[in-house]
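Peer 1: Show me how the following folds:
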Amino acid sequence: MKVQRIWIGENVFNFILIGDDYRPIDYVTQYMKYLYSIGKTMDTRHTYCIGLKYFYEYLGIMGINVTEVRIKHLSNYIVWLRHGDLKNLGPPIRTERTVNLYMKIALGFLKTLYLLGIETEDKTIGVYAEYYSKC
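Peer 2: Numbering: from 1, shown residues only. Got it, this is the predicted structure:
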């Protein structure tokens with residue numbers, strides 16, 4: 001999985017996430033277009049794409065699709081972000097600030113999917129993301 005910078009105009013770039021099959025991940029591409037359209041800076045979009053790369057890596061390890069995410073997967077994602085593994089819980093490899101940032105990115109992404117009407121197995125994820133974004 002790779003974050004790829006793409007040229008979209010004169011000195012204007014956006015980012016896409018390339019999957020292991022060397023194809024852009026559609027939901028992430030749509031989300032990055034959305035972030036561009038609401039005026040997020042290039043550095044912010046880059047950070048968001050990196051955060052989504054970690055989220056998709058975690059989903060790949062768990063063997064689930066983004067539409068199959070449940071609340072329990074999000075809590076395990078926090079553990080995975082902190083320690084880099086779900087079984088060997090050694091010292092944290094990321095700061096709490098970084099974990100919170102990547103969690104915020106994942107929840108914002110899931111909230112956007114929910115608002116776009118993309119069905120997920122756990123209907124409470126959109127509500128949870130909505131609540132979390134207000135905190």
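
Peer 1: can you give me the strands in the chain?
Peer 2: Assigned by DSSP state E, the strands in the chain fall at 2-9, 12-18.

Peer 1: ok, and which of those has the densest surroundings?
Peer 2: Of those, the one with the most neighbours on average (mean count of other CB atoms under 10 Å) is strand 12-18, at a mean of 17. Glycine gets a C-beta too; all of them are placed from N, C-alpha and C.

Peer 1: With adjacent residues omitted, what lies nearest to residue 44?
Peer 2: Excluding the flanking residues, the one nearest residue 44 by CB to CB, 6 or more residues apart in numbering is residue 35, at 7.3 Å.

Peer 1: right, I mislabeled it, should have said residue 19
Peer 2: Per CB to CB, 6+ apart, closest to residue 19 is residue 25, 5.2 Å.

Peer 1: pLDDT weak spots in this protein?
Peer 2: 119-135 (pLDDT under 70).

Peer 1: In stretch 58-78, which residues are buried?
Peer 2: For stretch 58-78, the neighbour count (16 or more other CB atoms under 10 Å) marks 58, 59, 66, 69, 73, 74, 77 as buried.

Peer 1: mind listing what the first one touches?
Peer 2: What that stands for is residue 58. When contacts are counted by CB atoms under 8 Å, 6 or more residues apart in numbering, residue 58 touches 77, 80, 81.

Peer 1: how does it look with 10 Å?
Peer 2: Contacts for residue 58 (CB atoms under 10 Å, 6 or more residues apart in numbering) come out as 64, 69, 73, 74, 76, 77, 79, 80, 81, 86, 102, 106.

Peer 1: so the fourth one touches residue 103, yeah?
Peer 2: What it means is residue 74. Yes: taking CB atoms under 10 Å as the definition, residue 74 is a contact partner of residue 103 at 7.6 Å.
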